[in-house]
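A.B. asks: 3D, please:
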Amino acid sequence: MLDKLINEVRQCKVCDPDLALGARPIIQAGTEARLLIIGQAPGVKAHNTNMPWSDPSGDRLRKWLYQPE
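C.D. replies: Reported below is the predicted structural model:
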């Protein structure tokens, strides 16, 4: 069921005409995940690598999530 949803999201092109680089939904999910993080409008680096959070926004997110107590 999750695989079907992921494939459907990856095929979505609704906003393609409005994006300079075209639509390329980037999604990574797993049934064992305990946390869901959803981002909007990935940067060029993430778009080109098709890897979520592989740009400065990902560095910032990881910093927020892994701050020592």
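A.B. asks: what residues sit buried inside the lowest-mean-pLDDT helix or strand in the chain?
C.D. replies: Least confident element among the helices and strands of the chain, by mean pLDDT, DSSP states H and E: helix 44-49 (a mean of 88). For helix 44-49, a neighbour-count test (16 or more other C-beta atoms under 10 Å) marks A46, H47 as buried. Any C-beta I mention is one placed from the backbone N, CA and C, and that applies to glycine too.
A.B. asks: then stretch 17-37?
C.D. replies: Here stretch 17-37 shows P25, I26 as buried, counting by 16+ other C-beta under 10 Å.
A.B. asks: could you export it as PDB, CA atoms only?
C.D. replies: Extracted in PDB, the C-alpha atoms of stretch 17-37 (Å, rounded to 0.1, in the frame of the first residue of the first chain):
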ATOM      1  CA  PRO A  17       3.700  24.200 -15.900                       C
ATOM      2  CA  ASP A  18       4.400  26.600 -13.000                       C
ATOM      3  CA  LEU A  19       7.900  25.500 -12.100                       C
ATOM      4  CA  ALA A  20      11.000  26.500 -13.900                       C
ATOM      5  CA  LEU A  21      12.600  23.100 -13.500                       C
ATOM      6  CA  GLY A  22       9.400  21.200 -13.800                       C
ATOM      7  CA  ALA A  23       7.700  19.000 -11.300                       C
ATOM      8  CA  ARG A  24       9.900  16.300  -9.700                       C
ATOM      9  CA  PRO A  25       8.300  15.100  -6.400                       C
ATOM     10  CA  ILE A  26      11.000  13.900  -4.100                       C
ATOM     11  CA  ILE A  27       9.800  11.400  -1.500                       C
ATOM     12  CA  GLN A  28      11.400   9.000   0.900                       C
ATOM     13  CA  ALA A  29       9.300   6.900   3.200                       C
ATOM     14  CA  GLY A  30       9.300   3.700   5.100                       C
ATOM     15  CA  THR A  31       6.900   1.600   7.100                       C
ATOM     16  CA  GLU A  32       9.200   1.600  10.100                       C
ATOM     17  CA  ALA A  33       9.700   5.400  10.200                       C
ATOM     18  CA  ARG A  34       8.700   7.100  13.500                       C
ATOM     19  CA  LEU A  35       8.800  10.600  12.100                       C
ATOM     20  CA  LEU A  36       7.200  12.300   9.100                       C
ATOM     21  CA  ILE A  37       8.800  15.400   7.700                       C
END
